[in-house]
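Novice: with the sequence up front, the predicted model follows.
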Amino acid sequence: MTTKTAPAPAAAPPEAPRRISINLRQSGIYVAFALIVVLFAFLTDGALLQPQNISNIIVQNSYVLILAIGMILVIIGGHIDLSVGSTVALTGAICAVLTVQWGLPWPVAVLLTLLSGALIGAAQGYWIAYFGIPAFIVTLAGMLVFRALTLTTLGNQGIGPFPDEIRSLSNGFTGGYLGNIGLGPLGGADLVSLLAGLAFVAGFALSQWRKRAARLGYGQTVDPMPVFVLKIAGVAVVVMAVVVQLARFRNLPWVLVLLAALALGYSLMANNSVFGRHIYSIGGNLQAATLSGVKVKAVTFWVFVNMGALAALAGVIFAGRLNQAGPTAGTAFELDAIAAAFIGGAAVQGGVGKVVGAITGGLIMGVINNGMSLIGAPSERVMLVKGLVLLAAVAYDVWTKRRA
């Protein structure tokens, strides 16, 4: 009698190797930024990366970076705002009148200025969201109206000086509360600034680890652990290199602390909140968002309210930096903010973009301005390079979308 043996169980198929996931649209901007920094560091014989110059790049471009945070949300939602430059001028003038002429305490004046910017955004958001006029037309009209109101408010002359607290927010630096620490051949550096940099790196690493764990929990593809660690290490090296240079000069600029808080808060809002997901859904597919129950009009309205408030904050920063509110303030700021958003990876059609990308795009513009100034390039050549960079960024976005 023969006995039947059970067939041997089939061997489990080998696990497919994990591939390195690279988003060309989002990753290309950071590679381009690194290449631009290396290029100008070489052309300027290292002057670009000197502590004082790094601080200057951050302080001089702070208002553009603030505007870029609001503009990226507007563009993600499928709109545009051409009035932010005039809003910067008008709100700077309002802050000057409240503090210099009326003598209000600076916290009250700044709060009222932010409220005025929000009201400006609400006025434009109403016509766009509830009346159905395209944002291009409404904000183009706003650009002219708010510039006229600026000239009327200032009487075609500047108003200043501002209180020391507002000037410190724009140009000041954190104090050396714990003293300096020796860094060998680099000399002394502010301990508080170094600790702040380490805290940022630790927070970034923790957030990326949690995001990786969540993707693994849902069975999604993630980078291999060596690649993941390499990405974290790369960010840590760049951040700490900048922080060390700033700590060697005059510590962290207060405006950088403000920018870090805004970048963190708006990144969390855009990526992890219902409101942020609604902005992406509206820009990605308006009809689908409407059918899904998204309150399109309300979301659009509040996006422009937010843009107006951030433009007012940029107006306070810019006026405080110049220590004067002038009738020509904010000229062409809307172009810089829009360019920063598109260079940072925003899609022309909407629905795509990140806050960190917009900030990176603004820094690219700032590095180009600063680097070409250091090498003595004429202004027309600077405009030429910036225009070509913007065109290349949009062309790259279209190319990657076609590949996808």
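Specialist: Yes, it's here.
Novice: number of residues surrounding Asn324?
Specialist: Careful, residue 324 is Gln and not Asn. As a burial measure, Gln324 scores 18 neighbours (other CB atoms under 10 Å). Backbone N, C-alpha and C define where each C-beta goes, glycine included.
Novice: grab the nearest non-local neighbour of it.
Specialist: Gly160 (3.4 Å; CB to CB, 6 or more residues apart in numbering).
Novice: and for Leu98?
Specialist: Going by CB to CB, 6+ apart, Leu98 has Ala109 as its nearest residue, at 3.8 Å.
Novice: from Gly330, how far off is the one you found?
Specialist: Relative to Gly330, Ala109 is positioned 18 Å away (CB to CB, to the nearest Å).
Novice: quick one: which of those two has more around it?
Specialist: The neighbour count for Ala109 versus Gly330, taken as other CB under 10 Å, is higher for Gly330 (29 against 23).
Novice: quick one: the more buried one is in a strand?
Specialist: No - the assignment for Gly330 is coil, going by DSSP: H, G, I helix; E, B strand; the rest coil, so no strand is present there.
Novice: next, the contact list for it, please.
Specialist: 84-89, 92, 315, 318 (CB atoms under 8 Å, 6 or more residues apart in numbering).
Novice: which one of the residues you listed is nearest Val398?
Specialist: Val84 (25.1 Å; CB to CB).
Novice: just give the number of residues close to the closest one.
Specialist: Counted with other CB under 10 Å, Val84 comes out at 36.
Novice: you'd agree it is up against Gly70?
Specialist: Yes - using CB atoms under 8 Å, Val84 is in contact with Gly70, at 7.4 Å.
Novice: can you check which residues contact both of these two?
Specialist: 307, 311, 337.
Novice: what's near enough to touch the first one?
Specialist: What that stands for is Met307. Met307 neighbours (CB under 8 Å, 6+ apart): 70-71, 73-74, 81, 84, 121.
Novice: grab the nearest non-local neighbour of it.
Specialist: Met307 sits nearest to Gly70 (CB to CB, 6+ apart), 4.1 Å away.
Novice: residue contacts, the one you found?
Specialist: Taking CB under 8 Å, 6+ apart, one finds 81, 84, 306-307, 309-311, 337 in contact with Gly70.
Novice: if any of those residues are buried, put those into a ChimeraX selection.
Specialist: Buried members of those, defined by 16 or more other CB atoms under 10 Å, are picked up in ChimeraX with:
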select :81,84,306,307,309,310,311,337
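Novice: which two from the contacts of Gly70 end up farthest apart in space?
Specialist: Ala309 and Ala337 (14.3 Å).
Novice: what sits against Ile364?
Specialist: Ile364 neighbours (CB under 8 Å, 6+ apart): 29, 32-33, 36, 340, 343, 389.
Novice: of those, which is the nearest to Ala199?
Specialist: Distances from Ala199 to these, taken by CB to CB, are shortest for Phe33, at 23.3 Å.
Novice: pLDDT averaged over the helix or strand the closest one falls within - what is it?
Specialist: Using DSSP states H and E, Phe33 sits within helix 24-43. Average pLDDT, helix 24-43: 80.
Novice: list the buried residues for the helix or strand just after that helix?
Specialist: Moving toward the C-terminus from helix 24-43, the next helix or strand (DSSP H and E) is helix 51-60. Buried residues in helix 51-60, counted by 16+ other CB under 10 Å: 51, 53-55, 57-59.
Novice: try stretch 217-234
Specialist: Quick answer for stretch 217-234 (16+ other CB under 10 Å): 222-223, 228.
Novice: in helices only, show me these.
Specialist: Phe228 (DSSP state H).
Novice: nearest to Ile181, of the buried residues of stretch 217-234?
Specialist: Phe228 (30.5 Å).
Novice: got a pLDDT number for the closest residue to the closest one other than its chain neighbours?
Specialist: Leaving aside its chain neighbours, Phe228 sits nearest to Arg212 (6.3 Å; criterion: CB to CB, 6+ apart). Arg212 carries a pLDDT score of 87 in this model.
Novice: which strand or helix spans Arg212?
Specialist: Per DSSP H and E: helix 191-217 holds Arg212.
Novice: for that helix, name the packing helices and strands.
Specialist: strand 180-182, helix 225-249 (3 or more CB pairs under 8 Å, 6 or more residues apart in numbering; DSSP states H and E).
Novice: weakest of the ones you listed in terms of mean pLDDT?
Specialist: strand 180-182 - the lowest mean pLDDT of the helices and strands packed on helix 191-217, at a mean of 73.
Novice: related to what we said a few turns ago, need the contacts of Gly70 in JSON lines (columns: pLDDT and secondary structure).
Specialist: What follows is the contacts of Gly70, written out as JSON lines (pLDDT from 0 to 100; DSSP: H, G, I helix; E, B strand; the rest coil):
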{"residue": "Asp81", "pLDDT": "95", "secondary structure": "coil"}
{"residue": "Val84", "pLDDT": "95", "secondary structure": "helix"}
{"residue": "Asn306", "pLDDT": "96", "secondary structure": "helix"}
{"residue": "Met307", "pLDDT": "96", "secondary structure": "helix"}
{"residue": "Ala309", "pLDDT": "96", "secondary structure": "helix"}
{"residue": "Leu310", "pLDDT": "96", "secondary structure": "helix"}
{"residue": "Ala311", "pLDDT": "96", "secondary structure": "helix"}
{"residue": "Ala337", "pLDDT": "93", "secondary structure": "helix"}
